[in-house]
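S.K.: Curious how this folds, go ahead:
(2 chains)
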2 protein chains.
Amino acid sequence: MIDPDDLRSHQAAVFAARRARLGARFSGEALVPAGLPFPKNYPANPFPFRASSHFLYLVGLPLPGAQLVLRGDDTTLYVDAPAPDDELWHGPTPSLDDLARVTGLRVAPLEAFAPVSPEAAVLWPQGERARSVAAGLLRRSMDAFDATDADLALQDAIIMLRLQHDDAAIVELRRAAEATVAAHRAGMAATRVGVTEHAIRAAMEGELMRRGMSTSYGSIVSVRGEVLHNHSHAGTTREGDLLLADVGAETSLGFAGDVTRTWPVNGQFDGAQRALYEVVLAAQKEAIARCTVGTRYRDVHLAACRAIAEGLVALGILRGDVDELVADGVHATFFPHGIGHLLGLDVHDMEDLGDRAGYAPGRTRSAQFGLGYLRLDRDLQPGMAVTIEPGFYAVPAILRDPERQRAEKGRVDREVLAKFASVRGIRIEDDVLITNAGPEVLTAALPKEAAAIEGLVGSE
Amino acid sequence: MIDPDDLRSHQAAVFAARRARLGARFSGEALVPAGLPFPKNYPANPFPFRASSHFLYLVGLPLPGAQLVLRGDDTTLYVDAPAPDDELWHGPTPSLDDLARVTGLRVAPLEAFAPVSPEAAVLWPQGERARSVAAGLLRRSMDAFDATDADLALQDAIIMLRLQHDDAAIVELRRAAEATVAAHRAGMAATRVGVTEHAIRAAMEGELMRRGMSTSYGSIVSVRGEVLHNHSHAGTTREGDLLLADVGAETSLGFAGDVTRTWPVNGQFDGAQRALYEVVLAAQKEAIARCTVGTRYRDVHLAACRAIAEGLVALGILRGDVDELVADGVHATFFPHGIGHLLGLDVHDMEDLGDRAGYAPGRTRSAQFGLGYLRLDRDLQPGMAVTIEPGFYAVPAILRDPERQRAEKGRVDREVLAKFASVRGIRIEDDVLITNAGPEVLTAALPKEAAAIEGLVGSE
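M.R.: Residues are numbered from 1 along each chain as shown, chains lettered A, B, ... in the order given. Purely as a prediction, here's the structure:
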């Protein structure tokens, strides 16, 4: 059901302008399904409904089962008409006329869906059931979820729009950033030795929930910072631990924040932690400074790799020439992932379309360990939003990997590394908007200097 | 990925005993899929994985994609074998041998899945993708999600087991109840005039998250208590409002709590609110007292209806003979839903199997407004857990419904009702375990007397 507040604050002109811009880039007939709720343990107990990002971009309302049909000037929103007893169980529900008035769209019940042409393109929603429904409307066979040429052309059109955020999207990204900053402050304040990761996560997500927001991805809140995709929160902080928190807000319109901070649970980095924290922070600042219009994002990544390698050479953990270390991917033993990704309606924006969104035509993933995990390789343009998130991790599975050791050719000093055993993982991540005036850090209100972080831990 | 803590605390004997009891009731070959995660906006950003309740009941570990095959004494758990780079991204992952050691089951990789017989039965998981996978393993056609006779026999066997909770299940229900009680206390403490529903919900769900639990259903936290399925939290409490909170915990093993309280946001019921609160409370106590072994649950429902009708007659809102009012369903204008439902691994336990779980063979839903919404009509047995949740609601859509007014035959006094306009909705719900010694209220630690409630509101 639509929250009455979503209707009251709906800005029809924003979405009409986006649909018009899409129409200018794609003249064919297009179907954009909102998707359907997923059943948690039975259909009447679903996960919270999260509409398709493409649908949210073009319509702005999370209408389960709705179908947007774009046919040149004839744009129609097909929706599930309210059932007679909806009002009993769900309270006053907007009528089709209400929706038409608020959105400025022609609104019709799903039963009245008018067949689309065999050449119509689709932006597939998530979920087999929603895809089956869309396939039925398109009169495509049920297993034909592969993209047609028309689908790809539609994908390219929406990618070009969503790559460069309009003013309304930037307002939402700022809202997400503000809430995300508040969540991290709450997490730092709630941290001390002997509390559970669950409790710190609750403090952080509670701050989002209080604002009527949810999370844009599964939160990482862990003293095991070296586990990159760690969604367990069963640990308890112990003296000397670092806590790594990667938590981001999702606004009611679906836009994402994505921030990581790493802080000492006792409020004081030890010498090894401080030294490596400064290496990661320097790499992050270096990378952010390079987020200028026209810069190839892969070069931002490589600059961060170089800064990490430089820092690790200075500490004696790596040996050798910095450019060679980066060219050979030796830094990736400690910084295996990419410097960041697109940010927008998805935390990895448009990842549902694969590398078609993140990689410019003609560019493909590297086969090298590390660089191959980079999710974005486009030239930065005004209005793009990206994350910048270098890290340092001591991952046992990587450190003992024979293939890695061959690539390292003895340039990792394990004796020196052993002196940094109090560091399992450090990541520092901010959200950056590309503007003609240079990079704007949307999450700049959240401290990241070591001394400032120390002052916030346990302040609750 | 499996949380290491889930493995450490796994009680293999509990699940082995359940599988043995199932084998004693169903001798055929059976497939019990765990289900698959649902993609939120792209596959790598899923909703938290929630395994099928049947699988959790028999295996106790939330293993995405796993398939339990029961073939007499030959029971095998097929699981996704860890990929080589899983450890890099997800940290140490239990091996198949680890799982076998912990569960006592034969564990094999999914690639080694041995074909089942054409007569094998299945407990379908939620989600089309997981169902398609299971259909493939069963060599059934993709659209044959209808139950075969063997499926129905397997359903009946698991229903008979899950209807009467074993000791381990009761331990989990107590854990869920304890957390749910804490959440409601936190919600009352955080309530005052001028706070948002979002903030109260955050206080309640934060209490669950701190314990490493989640919610067993979408929380209702609303000053619009008359909207029965209200998942908007956009309101702000105003002087004179009641707040209705229907929030329940889900433990890590999947068991549910389900509690509702209704409290005055300023800490003081007004006269009309207090009078109707006492009517609902008396009905709840009356219904709980009747939760004894052998009692037909529909009679518990009807006793509550009678108590509501009596109370409303005493207040002058209803007129006429109480038994006639209940027989004609007039009370349902104000108490339209059922007195409760089964509680277990699902908040509406086994609702995935429809009324086959809730209704004893030969019993079917009433066609009458009100009684027709009753989800459970079995004779109560030791080990059953049910909710008891009467309510009073002033639902505009019901009050103005011409069909309702015909059923009422003038026995609702709308002038008197107008004096109770400060009440939109009141519900009082507890979780009750049926024992040979009588009903045990699992959530008894949460106050429900009006004076006690008043003392808790705003105490933070």
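S.K.: residues in contact with stretch A:393-401?
M.R.: Contacts with stretch A:393-401, where a contact means C-beta atoms under 8 Å, 6 or more residues apart in numbering or on different chains, come from A:225-228, A:333-336, A:404, A:414, A:417, A:420-421, A:423-427, B:87-88. C-beta coordinates here come from the backbone N, C-alpha and C atoms, glycine included.
S.K.: Show me just the buried residues among the residues you listed.
M.R.: A:225-228, A:333-336, A:404, A:417, A:420, A:423-427, B:87-88 (16 or more other C-beta atoms under 10 Å in any protein chain shown).
S.K.: Chain B contacts on the stretch 201-350 of chain A?
M.R.: With C-beta under 8 Å from any C-beta of the partner chain as the criterion, the stretch 201-350 of chain A comes near chain B at residues A:201-203, A:205-207, A:209-212, A:217-218, A:224, A:226-234, A:336, A:345-348.
S.K.: Phi and psi next, for the closest residue in space to A:Ala134 that isn't next to it in sequence.
M.R.: What sits nearest to A:Ala134 in space, not counting adjacent residues and going by C-beta to C-beta, 6 or more residues apart in numbering or on different chains, is A:Pro33, at 4.7 Å. Main-chain dihedrals, A:Pro33, degrees, to the nearest 10: phi -80, psi 150.
S.K.: dump the residue contacts of A:Pro33.
M.R.: Contacts of A:Pro33 (C-beta under 8 Å, 6+ apart): A:52, A:55, A:66-68, A:122-125, A:130, A:133-134.
S.K.: can you check A:Thr292 too?
M.R.: Here A:Thr292 is in contact with A:380, A:434, A:438-439 (C-beta under 8 Å, 6+ apart).
S.K.: ok, now with 10 Å
M.R.: Residues counted as contacts of A:Thr292 (C-beta atoms under 10 Å, 6 or more residues apart in numbering or on different chains) are A:300, A:380, A:382, A:434-439.
S.K.: Of these, grab the buried ones for ChimeraX.
M.R.: To isolate the buried members of the contacts of A:Thr292 in ChimeraX, using 16+ other C-beta under 10 Å:
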select /A:300,380,434,439
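S.K.: Just the ones of the contacts of A:Thr292 in strands?
M.R.: Residues of those located in strands (DSSP state E): A:434-435, A:438-439.
S.K.: From B:Asn45, how far out is A:Val32?
M.R.: According to C-beta to C-beta, to the nearest Å, A:Val32 stands 19 Å off from B:Asn45.
S.K.: These two - which one has more neighbours?
M.R.: A:Val32 (27 against 20; other C-beta atoms under 10 Å in any protein chain shown).
S.K.: Make sure the more buried one is indeed in a strand.
M.R.: Yes. Assessed by DSSP: H, G, I helix; E, B strand; the rest coil, A:Val32 belongs to a strand.
S.K.: How about the residues of the stretch 51-200 of chain A by chain B?
M.R.: Contact residues, the stretch 51-200 of chain A versus chain B (C-beta under 10 Å from any C-beta of the partner chain): A:51-54, A:56, A:84-93, A:125-132, A:142-143, A:190, A:195-200.
S.K.: Residue most distant from the centroid, chain A?
M.R.: For chain A, the residue at maximal distance from the C-alpha centroid (C-alpha atoms, centre = their mean) is A:Pro84, at 39.0 Å.
S.K.: in what helix or strand does that one lie?
M.R.: Under the criterion DSSP states H and E, no helix or strand holds A:Pro84.
S.K.: Return the backbone torsion pair for it.
M.R.: Main-chain dihedrals, A:Pro84, degrees, to the nearest 10: phi -60, psi -40.
S.K.: who are the neighbours in contact with it?
M.R.: Taking C-beta under 10 Å, 6+ apart, we find A:Pro84 in contact with B:397, B:401.
S.K.: and if you look at A:Leu110?
M.R.: A:Leu110 is in contact with A:65-67, A:78-81, A:133, A:137, counting by C-beta under 10 Å, 6+ apart.
S.K.: got the residue ranges for the helices in the stretch 101-250 of chain A?
M.R.: A:128-138, A:149-163, A:167-189, A:197-210 (DSSP state H, counting those that start in this stretch).
S.K.: Wait, a strand at A:Thr260?
M.R.: Yes. The assignment for A:Thr260 is a strand, going by three-state DSSP.
S.K.: Distance check, it against A:Ala13.
M.R.: A:Thr260 is 35 Å from A:Ala13, by C-beta to C-beta.
S.K.: A:Leu433 too?
M.R.: 22 Å.
S.K.: How about A:Asp270?
M.R.: 54 Å.
S.K.: who's more crowded, these two?
M.R.: Taking other C-beta under 10 Å, A:Asp270 and A:Ala13 do not tie; A:Asp270 has more neighbours (14 against 10).
S.K.: Give me the nearest residue to the more buried one, chain neighbours excluded.
M.R.: A:Ser422 (5.4 Å).
S.K.: And A:Leu456, by the same measure?
M.R.: A:Met188 (4.1 Å).
S.K.: Please apply the same query to A:Leu433.
M.R.: In space, A:Leu433 is closest to A:Glu440, 4.5 Å off (C-beta to C-beta, 6+ apart).
S.K.: give the contact list for that neighbour.
M.R.: A:170, A:174, A:288, A:291, A:385, A:431-434.
S.K.: Look up the pLDDT of it for me, please.
M.R.: For A:Glu440, the model assigns a pLDDT of 98.
S.K.: again with A:Arg129
M.R.: pLDDT at A:Arg129 comes out at 93.
S.K.: related to what we said a few turns ago, surely the residue nearest to A:Leu456 touches A:Val247?
M.R.: No. Using C-beta atoms under 10 Å, A:Met188 makes no contact with A:Val247, being 11.4 Å away.
S.K.: TSV for the helices of the stretch 101-250 of chain A, including mean neighbour count?
M.R.: Listed next are those as TSV, based on neighbours: other C-beta atoms under 10 Å in any protein chain shown:
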stretch	mean neighbour count
helix A:128-138	19
helix A:149-163	19
helix A:167-189	22
helix A:197-210	25
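S.K.: Need the residues touching each of A:Met188 and A:Val247.
M.R.: A:200, A:204, A:261.
S.K.: ok, now which ones touch the second one?
M.R.: Each residue near A:Met204 by C-beta under 10 Å, 6+ apart is listed here: A:180, A:182-190, A:215, A:219, A:221, A:245, A:247-249, B:206, B:209.
S.K.: One more: the last one?
M.R.: By C-beta under 10 Å, 6+ apart, the residues touching A:Arg261 are A:181, A:184-185, A:187-188, A:243-247, A:426-430, A:443, A:446-448, A:453, A:456.
S.K.: let's go with 6 Å and repeat that
M.R.: Contact analysis of A:Arg261 by C-beta atoms under 6 Å, 6 or more residues apart in numbering or on different chains lists A:184, A:245.
S.K.: so where's chain A shaky on pLDDT?
M.R.: Scanning chain A for pLDDT under 70 picks out the ranges A:1, A:142-145.
S.K.: quick one: the closest residue to A:Asp80 other than its chain neighbours from chain B, how far?
M.R.: Nearest residue to A:Asp80 in three dimensions, chain neighbours excluded: A:Gly65, at 4.8 Å (C-beta to C-beta, 6+ apart). As for A:Gly65, its distance to chain B is 15 Å (criterion: C-beta to the nearest C-beta, to the nearest Å).
S.K.: distance of A:Gly65 from B:Pro118?
M.R.: Taking C-beta to C-beta, one finds A:Gly65 at 36 Å from B:Pro118.
S.K.: Quick check: which element contains A:Arg274?
M.R.: Using DSSP H and E, A:Arg274 falls in helix A:271-289.
S.K.: Can you classify the spatially most central residue of chain A by secondary structure?
M.R.: A centroid search over chain A (C-alpha atoms, centre = their mean) returns A:Val347, at 1.2 Å, as the residue closest to the centre. Secondary structure state of A:Val347, per three-state DSSP, is coil.
S.K.: and it, what does it touch?
M.R.: With contacts defined as C-beta under 6 Å, 6+ apart, the neighbours of A:Val347 are A:216-217, A:256, A:258.
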